[in-house]
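1. Test case, fold it:
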Amino acid sequence: MTYGTRQALLEPTQSSQGFDLIFIIGFIVILSIALMGKLIAWDWRTWFPGAEGQGSLIPSVRAAVYTFMSHLS
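-> I've put the predicted structure just below:
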């Protein structure tokens, strides 16, 4: 591999810079919502379908996996 080829692989392209920008903005938005919710003590478990205020997420995940697996067979 020549130096020019290696350098071309390491240079960011326009599409990768756009993806990075979208990723960073999305991360900041989600982090802001999470921090705001933590500060004012939002009950976020009721936001998800099927959560129904359960103390643990494990039973809901187990039910979702069993439902998904039944569709595969």
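
2. how near is S16 to I22?
-> For S16, the distance to I22 equals 11 Å [CB to CB, to the nearest Å]. No exception for glycine: its C-beta is placed from N, CA and C like everyone else's.

3. err, W42, not the other one
-> 26 Å.

4. go on, D43?
-> Separation of D43 from I22 (CB to CB) stands at 30 Å.

5. Over to L57?
-> 28 Å.

6. burial of G37, as a residue count?
-> 13 (other CB atoms under 10 Å).

7. in which helix or strand would I find it?
-> helix 14-39 (DSSP states H and E).

8. For the protein, which helix or strand comes out least confident on mean pLDDT?
-> Least confident helix or strand, the chain: helix 3-10 with a mean of 61, by mean pLDDT, DSSP states H and E.

9. Send me stretch 16-28 as CSV with only the CA atoms.
-> These are the backbone C-alpha positions of stretch 16-28, laid out as CSV (Å, rounded to 0.1, in the frame of the first residue of the first chain):
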residue,chain,number,x,y,z
SER,A,16,-18.7,10.4,7.0
GLN,A,17,-18.5,13.9,8.3
GLY,A,18,-22.3,14.2,7.8
PHE,A,19,-22.9,11.0,9.6
ASP,A,20,-20.7,12.1,12.5
LEU,A,21,-22.6,15.4,12.7
ILE,A,22,-26.0,13.6,12.8
PHE,A,23,-24.7,11.1,15.4
ILE,A,24,-23.3,13.8,17.7
ILE,A,25,-26.5,15.9,17.5
GLY,A,26,-28.7,12.9,18.2
PHE,A,27,-26.5,11.9,21.1
ILE,A,28,-26.7,15.4,22.6
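
10. Give the buried residues for that stretch.
-> Buried residues in stretch 16-28, defined by neighbour count with 16 or more other CB atoms under 10 Å: none.

11. just for this structure, where's the confidence low?
-> Along the chain, the parts satisfying pLDDT under 70 run over 1-14, 44-56, 73.

12. Identify the residues contacting S15.
-> Residues near S15 by CB atoms under 8 Å, 6 or more residues apart in numbering: none.

13. With I22 as the reference, measure out to it.
-> 11 Å.

14. just I58 next, same as before
-> 32 Å.

15. Could you do F68 as well?
-> F68 is 29 Å from I22, by CB to CB.
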